[in-house]
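S.K.: how would this look folded up:
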Amino acid sequence: YLKTGEMNAMKPAGGIRKSKEALHYLMMVKEELGEEWLSNHWFRFGASSLLTLGISHNQYEGYRAFWSPRIGFIHDAGAWGLFKTLYGTAFRVPSVFERLDYSGYLNLRPEAMRSLEFSWEKRLTRQSRLSATIYHFHIKHIVTVDNTGLYINGDHACGHGAELEYEHQWANGSRLRTNY
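M.R.: Residues are numbered from 1 along each chain as shown. Prediction:
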């Protein structure tokens, strides 16, 4: 910074474990670089990796219980950007409208979904970022309409793909976002 005049975010390494250690870093940055560096954009504490685990249990009358686990792993690789891996499951119980027909109650099964996603995100400048994602999902027991107009459980569906996104935000608040 002192040579180029260009501010780049920094995060102290080495495992800060106590608040006194954090205060030491904060005072050092303030004295050496100035108060403008004491924002979460330019100076950050925290782990480089984050693992998130979750599970939900859902029980609806007339349906078996459904467990829905999720896992997410995010790694901040510094200048290389953020890397994310996400896995999740979910389900959807058919609505009352979908379950009823002219003759009474239809026996529809809930839709069940699994998804896996890998993504990378890189902040190019303070105002712009680039991200890339690849994903795969599988849905079974999709609720659809047959040729007589009744709701049924259809076949399964699988999908996979990739997405590339660029975003830029100007000082006046205008934002450009484009993806493919």
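
S.K.: going forward, measure contacts between C-alpha atoms and count neighbours the same way
M.R.: Will do.

S.K.: so what's the residue nearest to residue 158 when sequence neighbours are not counted bridging to?
M.R.: Once flanking residues are discounted, residue 158 sits nearest to residue 138: 4.4 Å by C-alpha to C-alpha, 6 or more residues apart in numbering. For residue 138, the beta-bridge assignment (DSSP bridges) gives partners residue 114, residue 158.

S.K.: count of neighbours near residue 138?
M.R.: Under the neighbour criterion other C-alpha atoms under 10 Å, residue 138 is assigned a count of 15.

S.K.: was I right about residue 52 contacting residue 72?
M.R.: Yes: with the criterion set as C-alpha atoms under 8 Å, residue 52 and residue 72 qualify as a contacting pair; they are 5.0 Å apart.

S.K.: ramachandran coordinates for residue 141?
M.R.: In this entry, residue 141 is assigned phi and psi values of phi 60, psi 40 (degrees, to the nearest 10).

S.K.: pLDDT below threshold where in this protein?
M.R.: Of all residues in the chain, those with pLDDT under 70 make up the ranges 1-2, 9-17, 40-41, 44-47, 101-105.

S.K.: can you pull out the strands in it?
M.R.: 49-58, 66-76, 82-92, 100-101, 104-105, 111-125, 128-140, 143-145, 151-153, 157-169, 175-179 (DSSP state E).

S.K.: nearest to residue 26, of those strands?
M.R.: In terms of C-alpha to C-alpha, the element of these nearest to residue 26 is strand 66-76, at 20.9 Å.

S.K.: picking up where we left off before, of residue 52 and residue 72, who's got more company?
M.R.: Residue environment comparison for residue 52 versus residue 72 gives the larger neighbour count to residue 72, 17 against 10, counting by other C-alpha under 10 Å.

S.K.: for the spatially closest residue to that one that is not a sequence neighbour, give its distance to residue 4.
M.R.: Nearest non-adjacent residue to residue 72, counting by C-alpha to C-alpha, 6+ apart: residue 86, 4.4 Å away. Distance check for residue 86 against residue 4: by C-alpha to C-alpha, to the nearest Å, it reads 38 Å.

S.K.: of the two, which one has the most company?
M.R.: Applying other C-alpha under 10 Å to residue 86 and residue 4 shows that residue 86 carries more neighbours, namely 17 against 6.

S.K.: that one touches residue 117, doesn't it?
M.R.: Yes: with contact defined as C-alpha under 8 Å, residue 86 and residue 117 form a contacting pair (5.1 Å).
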